[in-house]
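**Student:** Pasted the sequence and its predicted model underneath.
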Amino acid sequence: MAITTSYSLKQVQRRLLKSKVMGCLREEDRKKASIEITHRLCSHPVWQDARVVSLYSSLPSEPDTSDIFRLAKASKKKVLFPKVVGKQLLFFEVEKKEDLEKNFMGIMEPKASCIEVLSQDMDLILVPGIGFDRQGQRLGRGLGLYDRCLSTLPSKVCRIGLYFSFQEIHKIYTEPHDQRLDLIITEKELIRVVLRS
Ligand SMILES: Nc1nc2c(c(=O)[nH]1)N(C=O)[C@@H](CNc1ccc(C(=O)N[C@@H](CCC(=O)O)C(=O)O)cc1)CN2
Ligand SMILES: Nc1ncnc2c1ncn2[C@@H]1O[C@H](COP(=O)(O)OP(=O)(O)OP(=O)(O)O)[C@@H](O)[C@H]1O
(Lines give C-alpha, C1' and ligand atoms only; values in the text may rest on other atoms or scores of the structure.)
(Ligands and ions follow the chains in the order given, each with its own letter.)
Protein backbone atom coordinates (compact mmCIF):
# COMPACT_ATOMS: atom_id res chain seq x y z
CA MET A 1 0.00 0.00 0.00
CA ALA A 2 1.35 3.46 -0.89
CA ILE A 3 2.27 5.75 1.97
CA THR A 4 0.73 9.09 1.13
CA THR A 5 0.28 11.25 4.21
CA SER A 6 3.00 13.19 6.04
CA TYR A 7 1.76 11.54 9.25
CA SER A 8 2.59 8.04 8.04
CA LEU A 9 5.86 9.16 6.44
CA LYS A 10 6.84 10.54 9.83
CA GLN A 11 5.96 7.25 11.45
CA VAL A 12 8.17 5.42 8.96
CA GLN A 13 11.08 7.82 9.60
CA ARG A 14 10.60 7.49 13.34
CA ARG A 15 10.71 3.69 13.14
CA LEU A 16 13.76 3.81 10.88
CA LEU A 17 15.62 6.17 13.19
CA LYS A 18 14.73 4.10 16.26
CA SER A 19 16.09 0.95 14.65
CA LYS A 20 19.25 2.86 13.67
CA VAL A 21 19.82 3.75 17.32
CA MET A 22 19.32 0.11 18.33
CA GLY A 23 21.86 -0.99 15.71
CA CYS A 24 24.46 1.79 16.00
CA LEU A 25 24.67 2.69 19.66
CA ARG A 26 27.13 0.87 21.89
CA GLU A 27 27.52 2.18 25.45
CA GLU A 28 31.22 2.87 24.94
CA ASP A 29 30.51 4.95 21.79
CA ARG A 30 27.70 6.75 23.58
CA LYS A 31 30.08 7.77 26.37
CA LYS A 32 32.73 9.04 23.93
CA ALA A 33 30.21 10.91 21.78
CA SER A 34 28.57 12.47 24.86
CA ILE A 35 31.92 13.86 26.03
CA GLU A 36 32.50 15.45 22.59
CA ILE A 37 28.96 16.86 22.46
CA THR A 38 29.24 18.28 25.99
CA HIS A 39 32.55 19.91 25.12
CA ARG A 40 31.19 21.47 21.92
CA LEU A 41 28.12 22.81 23.67
CA CYS A 42 29.88 24.18 26.73
CA SER A 43 32.57 25.97 24.74
CA HIS A 44 29.99 27.76 22.54
CA PRO A 45 29.39 31.49 23.33
CA VAL A 46 25.60 31.01 23.30
CA TRP A 47 25.95 28.51 26.14
CA GLN A 48 28.56 30.55 27.99
CA ASP A 49 26.41 33.70 27.86
CA ALA A 50 23.18 31.94 28.89
CA ARG A 51 22.04 32.44 32.47
CA VAL A 52 18.85 30.32 32.39
CA VAL A 53 19.11 27.04 30.49
CA SER A 54 16.61 24.24 29.98
CA LEU A 55 18.06 20.76 30.05
CA TYR A 56 16.48 17.29 30.22
CA SER A 57 17.43 14.03 31.81
CA SER A 58 18.65 11.83 28.95
CA LEU A 59 17.26 8.45 27.94
CA PRO A 60 19.73 5.60 27.25
CA SER A 61 19.27 6.20 23.50
CA GLU A 62 20.25 9.90 23.74
CA PRO A 63 23.58 11.66 24.36
CA ASP A 64 24.24 11.73 28.11
CA THR A 65 23.41 15.15 29.56
CA SER A 66 24.67 14.58 33.13
CA ASP A 67 28.02 16.38 32.63
CA ILE A 68 26.17 19.30 31.05
CA PHE A 69 24.11 19.62 34.22
CA ARG A 70 27.25 19.53 36.41
CA LEU A 71 29.02 22.15 34.27
CA ALA A 72 25.94 24.39 34.18
CA LYS A 73 25.69 24.36 37.98
CA ALA A 74 29.46 24.91 38.34
CA SER A 75 29.10 28.07 36.23
CA LYS A 76 26.12 29.23 38.34
CA LYS A 77 23.46 28.93 35.67
CA LYS A 78 19.82 28.50 36.58
CA VAL A 79 18.94 25.04 35.24
CA LEU A 80 15.39 24.05 34.35
CA PHE A 81 14.07 20.55 33.68
CA PRO A 82 10.74 19.78 31.99
CA LYS A 83 7.85 17.90 33.51
CA VAL A 84 5.09 16.39 31.37
CA VAL A 85 1.70 17.70 32.51
CA GLY A 86 -1.07 16.50 30.20
CA LYS A 87 -0.03 17.56 26.69
CA GLN A 88 2.27 20.27 27.97
CA LEU A 89 5.79 20.65 29.26
CA LEU A 90 6.20 22.77 32.38
CA PHE A 91 9.67 23.84 33.52
CA PHE A 92 11.08 23.78 37.07
CA GLU A 93 14.36 24.88 38.57
CA VAL A 94 16.62 21.99 39.57
CA GLU A 95 19.59 22.71 41.86
CA LYS A 96 20.93 19.19 42.37
CA LYS A 97 20.24 15.76 40.92
CA GLU A 98 18.37 14.75 44.11
CA ASP A 99 15.66 17.24 43.01
CA LEU A 100 14.73 14.74 40.27
CA GLU A 101 12.57 11.62 40.52
CA LYS A 102 11.39 8.96 38.08
CA ASN A 103 8.12 9.98 36.49
CA PHE A 104 6.58 10.09 33.00
CA MET A 105 7.82 7.09 30.94
CA GLY A 106 10.53 6.47 33.54
CA ILE A 107 12.22 9.82 32.84
CA MET A 108 13.78 11.76 35.72
CA GLU A 109 11.62 14.85 36.25
CA PRO A 110 11.59 17.65 38.88
CA LYS A 111 10.04 16.77 42.25
CA ALA A 112 6.98 18.62 43.55
CA SER A 113 9.24 20.76 45.78
CA CYS A 114 10.86 22.44 42.73
CA ILE A 115 9.83 25.93 41.72
CA GLU A 116 8.19 26.51 38.34
CA VAL A 117 9.87 28.99 35.99
CA LEU A 118 8.11 30.47 32.95
CA SER A 119 9.53 29.14 29.70
CA GLN A 120 9.72 32.77 28.47
CA ASP A 121 12.50 33.36 31.03
CA MET A 122 14.91 30.88 29.40
CA ASP A 123 17.92 31.97 27.37
CA LEU A 124 18.49 28.57 25.83
CA ILE A 125 16.66 25.27 25.51
CA LEU A 126 18.13 21.85 24.75
CA VAL A 127 15.63 19.87 22.72
CA PRO A 128 15.75 16.06 22.60
CA GLY A 129 14.79 14.10 19.51
CA ILE A 130 15.41 10.95 17.53
CA GLY A 131 16.50 12.49 14.23
CA PHE A 132 17.44 15.75 12.52
CA ASP A 133 18.32 17.29 9.17
CA ARG A 134 20.59 20.18 8.18
CA GLN A 135 17.65 22.55 7.74
CA GLY A 136 17.12 22.34 11.51
CA GLN A 137 14.09 20.10 11.37
CA ARG A 138 13.82 17.45 14.06
CA LEU A 139 11.76 14.39 14.74
CA GLY A 140 10.67 13.78 18.32
CA ARG A 141 8.96 10.90 20.07
CA GLY A 142 5.60 11.67 18.55
CA LEU A 143 3.77 13.41 21.38
CA GLY A 144 4.26 16.98 20.13
CA LEU A 145 5.37 18.11 23.60
CA TYR A 146 8.45 20.02 22.44
CA ASP A 147 6.75 21.37 19.30
CA ARG A 148 3.97 22.83 21.47
CA CYS A 149 6.47 24.34 23.86
CA LEU A 150 8.76 25.78 21.15
CA SER A 151 5.82 27.36 19.32
CA THR A 152 5.21 29.65 22.33
CA LEU A 153 8.84 30.60 23.02
CA PRO A 154 10.21 34.03 22.08
CA SER A 155 12.67 33.91 19.17
CA LYS A 156 15.52 35.11 21.45
CA VAL A 157 15.53 31.67 23.11
CA CYS A 158 18.21 29.59 21.35
CA ARG A 159 17.01 26.07 20.49
CA ILE A 160 19.76 23.48 20.46
CA GLY A 161 19.54 19.82 19.51
CA LEU A 162 22.10 17.29 20.76
CA TYR A 163 22.38 14.24 18.53
CA PHE A 164 24.64 11.41 17.47
CA SER A 165 25.84 12.01 13.90
CA PHE A 166 24.14 8.81 12.69
CA GLN A 167 20.76 10.37 13.57
CA GLU A 168 21.04 12.74 10.60
CA ILE A 169 18.78 12.08 7.65
CA HIS A 170 18.63 14.01 4.40
CA LYS A 171 15.17 15.47 4.94
CA ILE A 172 12.83 15.11 7.87
CA TYR A 173 9.20 15.05 6.72
CA THR A 174 7.52 18.02 8.29
CA GLU A 175 4.06 19.31 9.11
CA PRO A 176 3.11 22.96 9.65
CA HIS A 177 3.36 22.70 13.46
CA ASP A 178 6.97 21.44 13.41
CA GLN A 179 9.48 23.79 15.01
CA ARG A 180 13.07 24.20 13.86
CA LEU A 181 16.30 24.16 15.82
CA ASP A 182 18.84 27.00 15.69
CA LEU A 183 21.89 24.84 16.37
CA ILE A 184 22.60 21.14 16.12
CA ILE A 185 25.53 19.60 17.95
CA THR A 186 26.86 16.13 17.24
CA GLU A 187 30.11 14.40 18.27
CA LYS A 188 31.50 15.39 14.85
CA GLU A 189 30.33 18.97 14.23
CA LEU A 190 28.27 21.98 15.13
CA ILE A 191 25.62 22.90 12.56
CA ARG A 192 24.35 26.46 12.57
CA VAL A 193 21.01 26.46 10.83
CA VAL A 194 20.71 29.06 8.11
CA LEU A 195 17.15 29.65 7.01
CA ARG A 196 16.65 29.83 3.27
CA SER A 197 13.80 31.91 1.90
N1 LIG B 1 15.20 12.75 27.64
C2 LIG B 1 14.02 13.09 27.20
N3 LIG B 1 13.15 13.68 28.02
C4 LIG B 1 11.92 14.01 27.56
C5 LIG B 1 11.54 13.73 26.23
C6 LIG B 1 12.50 13.10 25.36
O7 LIG B 1 12.28 12.84 24.17
N8 LIG B 1 13.72 12.80 25.90
N9 LIG B 1 10.28 14.06 25.82
C10 LIG B 1 9.93 14.46 24.54
O11 LIG B 1 8.80 14.58 24.19
C12 LIG B 1 9.24 14.14 26.84
C13 LIG B 1 8.87 12.73 27.28
N14 LIG B 1 8.35 11.95 26.19
C15 LIG B 1 8.63 10.60 25.96
C16 LIG B 1 7.92 9.94 24.98
C17 LIG B 1 8.17 8.61 24.70
C18 LIG B 1 9.16 7.93 25.39
C19 LIG B 1 9.46 6.51 24.99
O20 LIG B 1 8.94 6.04 24.01
N21 LIG B 1 10.34 5.80 25.70
C22 LIG B 1 10.71 4.46 25.30
C23 LIG B 1 12.16 4.26 24.92
C24 LIG B 1 13.17 5.30 25.27
C25 LIG B 1 14.50 5.18 24.52
O26 LIG B 1 14.53 5.33 23.30
O27 LIG B 1 15.54 4.99 25.20
C28 LIG B 1 10.32 3.46 26.35
O29 LIG B 1 10.13 3.86 27.50
O30 LIG B 1 10.22 2.27 26.00
C31 LIG B 1 9.87 8.59 26.35
C32 LIG B 1 9.60 9.92 26.63
C33 LIG B 1 9.74 14.97 27.98
N34 LIG B 1 11.05 14.56 28.43
N1 LIG C 1 1.72 23.65 18.55
C2 LIG C 1 0.90 22.59 18.56
N3 LIG C 1 -0.39 22.72 18.89
C4 LIG C 1 -1.23 21.65 18.90
N5 LIG C 1 -0.87 20.39 18.58
C6 LIG C 1 0.40 20.18 18.24
C7 LIG C 1 1.36 21.26 18.21
N8 LIG C 1 2.55 20.74 17.86
C9 LIG C 1 2.34 19.41 17.68
N10 LIG C 1 1.07 19.07 17.90
C11 LIG C 1 0.47 17.72 17.77
O12 LIG C 1 1.28 16.74 18.42
C13 LIG C 1 1.23 15.50 17.72
C14 LIG C 1 2.61 14.93 17.52
O15 LIG C 1 3.36 15.76 16.65
P16 LIG C 1 4.74 15.29 15.99
O17 LIG C 1 4.58 13.93 15.42
O18 LIG C 1 5.25 16.38 15.11
O19 LIG C 1 5.64 15.19 17.32
P20 LIG C 1 7.19 15.13 17.51
O21 LIG C 1 7.89 16.24 16.81
O22 LIG C 1 7.65 13.77 17.18
O23 LIG C 1 7.25 15.30 19.09
P24 LIG C 1 7.95 16.36 20.04
O25 LIG C 1 7.69 17.73 19.51
O26 LIG C 1 7.33 16.13 21.36
O27 LIG C 1 9.37 16.02 20.06
C28 LIG C 1 0.51 15.76 16.41
O29 LIG C 1 -0.79 15.23 16.49
C30 LIG C 1 0.47 17.28 16.30
O31 LIG C 1 -0.68 17.73 15.64
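**Tutor:** In hand now; what should we look at? Numbering: from 1, shown residues only. Ligands and ions are numbered 1, 2, ... in the order given.

**Student:** For S61, grab the count of nearby residues.
**Tutor:** 15 (other Cβ atoms under 10 Å). Glycine gets a C-beta too; all of them are placed from N, C-alpha and C.

**Student:** quick one: secondary structure of it?
**Tutor:** Under the three-state scheme (DSSP: H, G, I helix; E, B strand; the rest coil), the conformation of S61 reads as coil.

**Student:** Please report how far it lies from N103.
**Tutor:** 18 Å (Cβ to Cβ, to the nearest Å).

**Student:** In the chain, what residue lies closest to ligand 2?
**Tutor:** Across the chain, the shortest distance to ligand 2 (Cβ to the nearest ligand atom) belongs to G140, at 1.6 Å.

**Student:** measure that residue to V46 for me?
**Tutor:** 22 Å.

**Student:** still on that earlier bit, next, count neighbours for the residue of the chain closest to ligand 2.
**Tutor:** G140: 18 surrounding residues under other Cβ under 10 Å.

**Student:** Contacts only, for it.
**Tutor:** Contacts of G140 were listed using Cβ atoms under 8 Å, 6 or more residues apart in numbering, and they are 128-130, 146-147.

**Student:** let's go with 10 Å and repeat that
**Tutor:** Listed by Cβ atoms under 10 Å, 6 or more residues apart in numbering, the contact set of G140 reads 10, 14, 127-131, 146-147, 178-179.

**Student:** So which of these belong to helices?
**Tutor:** Counting by DSSP state H, the part of those found in helices is 10, 14, 146-147.

**Student:** Check those residues for the minimum pLDDT and say which it is.
**Tutor:** Checking pLDDT across these, the minimum falls on K10 at 91.

**Student:** Check which helix or strand the residue nearest to it when sequence neighbours are not counted maps to.
**Tutor:** Excluding its sequence neighbours, the residue lying closest to K10 (Cβ to Cβ, 6 or more residues apart in numbering) is Y173, at 5.2 Å. Following DSSP states H and E, one finds Y173 outside all helices and strands.

**Student:** My guess is Y173 contacts L16. True?
**Tutor:** No - taking contact to mean Cβ atoms under 10 Å, the distance of 11.2 Å between Y173 and L16 leaves them out of contact.

**Student:** ok, the two, which is more surrounded?
**Tutor:** Neighbour comparison, Y173 and L16: the larger count goes to Y173, with 19 against 13 (by other Cβ under 10 Å).
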